[in-house]
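**Student:** Give me a model of this one.
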Amino acid sequence: MKVLITGGAGFIGYHLARYLCARNIDVTIYDNFSRGVVDPDLKELSLYENLTVVDGSCLDKAKLFELGFDFDFIFHLAAIIGVEHVNAAPYRVIVENCEMLQNIIEFCRGQRHLHRFLFPSTSEVYAGTLEHFALQLPTPETTPLAVTDLKRPRTSYMLSKIVGEFMCNFSDVPFTIFRPHNVYGPRMGLVHVVPGQLEKAFYAVPGSSIEVPSARQTRTFMYVDDAVKLLEAFMLNESCEGKTINLGSLAGEISIYELVKTCHKVVQKDLNVVCLPSPVGSPERRCPDMSFAYTLVPSFQETSLLDGIQHTFQWYKERVFSGKQISAR
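**Tutor:** Numbering: from 1, shown residues only. The predicted model follows:
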């Protein structure tokens, strides 16, 4: 079995590659390292004889096609993401994300025995429905989608993913679309809420105050090791072909405030929280209906939020907060 992961040096791609390699599956990572970094973890992963790492962009069709045409499964995780990048270059986001996907679909069509193409959408596709209409919570995959303000830069990322879902549905390749909801864990980069708040707490003076945007908003959080196990199930289960599936936690919503206080508990510091307003376009709530996904793994035991944050903190404390290595971007 051969698996290709574009964007495989990034957060989820790295953890997925590590998981599949440990299961003796041949994995190729294709990445231009614009977000992922060649850190000690990736170097250690490269010691697997069944892993190949190729430096290349999905915008470079010729380089992409040099990978060959004997992949069984392809995960397309490469994309321009992150609120900072999206707000800075919204036009580039939608154009390049769609162009990368177009190249990958053409690449998939040339494969000799492709079983499945797996495309990550985003939980942001529900944001317009939440903003303008009554959104069912937990939110099923069948929810009608609406878009947020087209003059809002952040809308570009969500639109690129909605267009991507459309492209997959009419691609003439066997596909599964998954919509991640706040997956977190080691090596994800400090701009995300869990490692970002752990960093603030780690360096804070006990009794001081920490500013927290969107403190009253609610989310569900899924530890990355759980996410990759579900992705394997999506990949191998034939009932997932042609489906769009939520990827997230069954544990239910918690506020960002509660999340931050859990981070403070893990770091073992008593800190005050200063609640700041939410950024424009940030959804007030996110909670996926996971009923279909968990039928694929009925005995699945999800990592608790406390345990997941403890694992994440230990990784950052030993590697990044210590100054020994840089964090993924």
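**Student:** Show the contacting residues for Phe175.
**Tutor:** 116-119, 168-169, 241-242 (Cβ atoms under 8 Å, 6 or more residues apart in numbering). (Each C-beta comes from the backbone N, C-alpha and C, glycine too.)
**Student:** Mind doing that once more with 10 Å?
**Tutor:** Taking Cβ atoms under 10 Å, 6 or more residues apart in numbering, we find Phe175 in contact with 74, 76, 105, 108, 114, 116-119, 165, 167-169, 240-244.
**Student:** Once you drop chain neighbours, what's closest to the residue lying farthest from the centre of the chain?
**Tutor:** The C-alpha centroid of the chain is most remote from Gly207, which lies 33.5 Å away (Cα atoms, centre = their mean). The shortest distance from Gly207 to any non-neighbouring residue, by Cβ to Cβ, 6 or more residues apart in numbering, is to Asp270 (6.2 Å).
**Student:** what's around the one you found, how many residues?
**Tutor:** Asp270 has 10 neighbouring residues, counting by other Cβ atoms under 10 Å.
**Student:** do the one 4 residues further on as well
**Tutor:** Residue crowding around Val274 was assessed by other Cβ under 10 Å; the count is 11.
**Student:** from what I can see Pro40 touches Val320, true?
**Tutor:** No: assessed by Cβ atoms under 10 Å, Pro40 is found out of contact with Val320, at 11.3 Å.
**Student:** now for the helix or strand where Ile309 lies, which elements pack on it?
**Tutor:** Secondary structure assignment for Ile309, by DSSP states H and E: helix 305-319. For helix 305-319, the packing partners by 3 or more Cβ pairs under 10 Å, 6 or more residues apart in numbering; DSSP states H and E come out as helix 40-45, strand 183-184, helix 193-203, strand 222-223, helix 224-236, helix 256-267.
**Student:** want to try CSV for these, with mean pLDDT, distance to Asn32 and mean neighbour count as columns?
**Tutor:** Converted to CSV, the helices and strands packed on helix 305-319 look like this (pLDDT from 0 to 100; distance: least, Cβ to Cβ, whole Å; neighbours: other Cβ atoms under 10 Å):
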stretch, mean pLDDT, distance to Asn32, mean neighbour count
helix 40-45, 93, 14, 16
strand 183-184, 98, 22, 24
helix 193-203, 96, 23, 20
strand 222-223, 98, 27, 24
helix 224-236, 98, 22, 20
helix 256-267, 98, 32, 20
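**Student:** Could you export the ones you listed as JSON lines, including distance to Gly281?
**Tutor:** Listed next are the helices and strands packed on helix 305-319 as JSON lines, based on distance: least, Cβ to Cβ, whole Å:
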{"stretch": "helix 40-45", "distance to Gly281": "33"}
{"stretch": "strand 183-184", "distance to Gly281": "20"}
{"stretch": "helix 193-203", "distance to Gly281": "16"}
{"stretch": "strand 222-223", "distance to Gly281": "22"}
{"stretch": "helix 224-236", "distance to Gly281": "24"}
{"stretch": "helix 256-267", "distance to Gly281": "16"}
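**Student:** Relative to Pro298, which of these is closest?
**Tutor:** Within the helices and strands packed on helix 305-319, the stretch nearest Pro298 is helix 224-236; the backing value is 10.5 Å (Cβ to Cβ).
**Student:** roughly how far is the next helix or strand along the chain from that closest one from the heart of the chain?
**Tutor:** Downstream of helix 224-236, the next assigned helix or strand under DSSP H and E is strand 244-247. In terms of Cα atoms, centre = their mean, to the nearest Å, the centre of strand 244-247 is found 12 Å from the chain centre.
**Student:** again, but for stretch 279-293
**Tutor:** With Cα atoms, centre = their mean, you get 14 Å for stretch 279-293.
**Student:** now do stretch 48-59
**Tutor:** Taking mean C-alpha positions (Cα atoms, centre = their mean), stretch 48-59 and its chain are 19 Å apart.
**Student:** what do you get for stretch 186-193?
**Tutor:** Counting by Cα atoms, centre = their mean, stretch 186-193 is centred 11 Å from the centre of its parent chain.
**Student:** Check which residues of it are buried.
**Tutor:** Buried residues in stretch 186-193, counted by 16 or more other Cβ atoms under 10 Å: 186-190, 193.
**Student:** what would the residues you listed look like in CSV with secondary structure and distance to Pro90?
**Tutor:** As requested, the buried residues of stretch 186-193 are exported to CSV (DSSP: H, G, I helix; E, B strand; the rest coil; distance: Cβ to Cβ, whole Å):
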residue, secondary structure, distance to Pro90
Pro186, coil, 30
Arg187, coil, 27
Met188, coil, 23
Gly189, coil, 21
Leu190, coil, 23
Val193, helix, 22
